[in-house]
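[1] Could you work out the structure for the sequence below:
(one chain, ligands or ions: 2)
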Amino acid sequence: MSEVDAQQAEENRIDEAVERSDIAIEVRGLRNSFGDQVVHENLDLDVRKGEILGVVGGSGTGKSVLMRAIIGLQNPDAGDICVFGKSMIGELNDDEALAIRKRWGVLFQGGALFSTLTVAENVEVPIREYYPNIGPALRDEIAAYKIRMTGLPAEAGPKYPAELSGGMRKRAGLARALALDPDLLFLDEPTAGLDPIGAAAFDDQTRRLQQTLGLTVFLITHDLDTLYSICDRVAVLADKRVIAVGTIAELLATDHPWIQEYFNGPRGRAATAAVEREKNKAASTPPDGRR
Ligand SMILES: Nc1ncnc2c1ncn2[C@@H]1O[C@H](COP(=O)(O)OP(=O)(O)OP(=O)(O)O)[C@@H](O)[C@H]1O
Ligand SMILES: [Mg+2]
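    Numbering: from 1, shown residues only. Ligands and ions are numbered 1, 2, ... in the order given. Next comes the predicted model:
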């Protein structure tokens, strides 16, 4: 089989796996450590296809390390990670690695845009890397489309990251994560550092994109408003593993002290109250929008 055929065969296999299974990511018995420090031990997690899964846990509990392990940037000591039915552990050949990496987009904690490239050039980086045959004109067009898709004005394209506000930089990072039309989106603290209005707008955008593009989203966040407003389920990292996963109502029914303190503390209660207010407002508004 030629190299192109082999790559195409692998992409077709992933297409079928995406169609077939309800599970996008399956993590089993994962162990990660740095020297003597064990970050994860016997960690299991399923991410369902088409959901926004919120991932929470205290600082340093290993949320970013978990994400890095799933996308192959961190070599686990033990366990298995399958993405669309393909094990990420052990050596993937080049065709397999390329085919699977095209399926996800990543917004790293802090954004991680290339500061010497414009926003449009940043968005074009993965296109150049994975689709070297796409010419400059089409590449520019795709980048412009992705930039608009994230709610940035077209004028942001030629700007450098340092010329943007924090919220605009996050959107630029999101545009780059969407560059290859992924099935899976990884977002690490996307609303950290944004004001509440900017954070809510970013959440709305994430939800809209997830719905229109049919994405599965792995969303690491400390933001209770984000968890309440857009996450279908939430996974809680503590004691080196995922101690619980479910809707917030399901999590509240558990008696783990960290979960109770997190969701039932003053901030958790405020977020619940805000969601309830929104629901009541929607329920008391007649369908034609008049009150
Ligand atoms: N490359 C590395 N080398 C050594 N230790 C690391 C490395 N990456 C992460 N760690 C350690 O692993 C632990 C988990 O880190 P991680 O970044 O996953 O935490 P986190 O849950 O994402 O925290 P935060 O909410 O602050 O982002 C931390 O103690 C961190 O110091
Ligand atoms: Mg982190």
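
[2] Can you point out the buried residues in the helix or strand in which Glu121 is found?
    Using DSSP states H and E, Glu121 maps to helix 119-130. Buried residues in helix 119-130, counted by 16 or more other CB atoms under 10 Å: 119-124, 126-127. Placement of C-beta: from N, CA and C, glycine included.

[3] backbone phi and psi for the residue most central in space within the chain, please?
    The centre of the chain sits closest to Phe186, judged by CA atoms, centre = their mean, with a distance of 2.2 Å. Phe186 adopts backbone torsions of phi -110, psi 120, taken as degrees, to the nearest 10.

[4] How about Met67?
    Note on Met67: backbone dihedrals following degrees, to the nearest 10 are phi -60, psi -40.

[5] dump the residue contacts of Gly198.
    With contact taken as CB atoms under 8 Å, 6 or more residues apart in numbering, Gly198 is in contact with 166-167, 191.

[6] which SS class is it?
    helix (DSSP: H, G, I helix; E, B strand; the rest coil).

[7] What of Ala112?
    Ala112 ends up coil, using three-state DSSP.

[8] try Leu194
    coil.

[9] Nearest to Arg101 among the buried residues of helix 119-130?
    Arg101 lies nearest to Pro126 out of these, by CB to CB, at 8.9 Å.

[10] show me the contacts for the closest one.
    Per CB under 8 Å, 6+ apart, neighbours of Pro126: 105, 176, 179-180.

[11] what do you get for Gln260?
    Here Gln260 is in contact with Leu252 (criterion: CB under 8 Å, 6+ apart).

[12] surely Thr61 meets Arg241?
    No: contact between Thr61 and Arg241 fails when scored by CB atoms under 8 Å: they sit 9.7 Å apart.

[13] Kindly confirm my reading that Glu155 is in a helix.
    Yes: under three-state DSSP, Glu155 falls within a helix.

[14] Next, count neighbours for it.
    A count of neighbours around Glu155, defined by other CB atoms under 10 Å, yields 9.

[15] Distance check, it against ligand 1.
    32 Å (CB to the nearest ligand atom, to the nearest Å).

[16] Model confidence score at that residue, please.
    At Glu155, the model reports a pLDDT of 93.

[17] same thing with Ser165?
    Ser165 is assigned 87 on the pLDDT scale.

[18] cool, and Thr285?
    With respect to pLDDT, Thr285 scores 64.

[19] now do Pro190
    Here, the pLDDT recorded for Pro190 equals 92.

[20] quick one on the thing from earlier: out of the contacts of Gly198, which comes closest to ligand 1?
    Set against ligand 1, the nearest of the contacts of Gly198 by CB to the nearest ligand atom is Thr191 (13.0 Å).

[21] distance of the closest one from Glu250?
    23 Å (CB to CB, to the nearest Å).

[22] Looking at those two, which is more packed in?
    More crowded of Thr191 and Glu250, by other CB under 10 Å: Thr191, with 23 against 12.

[23] which residues in the stretch 1-150 of the chain form strands?
    Taking DSSP state E, counting those that start in this stretch as the test, the strands found in the stretch 1-150 of the chain are 23-34, 37-48, 52-57, 78-83, 86-87, 104-107.

[24] Could you find the closest non-adjacent residue to Gly50?
    Counting by CB to CB, 6 or more residues apart in numbering, Gly50 lies nearest to Thr216, which is 5.8 Å off, once chain neighbours are set aside.

[25] who's the one you found bridged to?
    On the basis of DSSP bridges, Thr216 is bridged to Leu184.

[26] For it, the count of nearby residues, please.
    Thr216: 25 surrounding residues under other CB under 10 Å.

[27] mind listing what Ala192 touches?
    Residues counted as contacts of Ala192 (CB under 8 Å, 6+ apart) are 109, 221-223.

[28] Which one of those is nearest to ligand 2?
    Taking CB to the ion as the measure, ligand 2 lies nearest Gln109 of the contacts of Ala192, at 4.8 Å.

[29] what bridges to the closest residue to that closest one other than its chain neighbours?
    Excluding the flanking residues, the one nearest Gln109 by CB to CB, 6+ apart is Asp188, at 4.0 Å. Judged by DSSP bridges, the bridge partners of Asp188 are Ile220.
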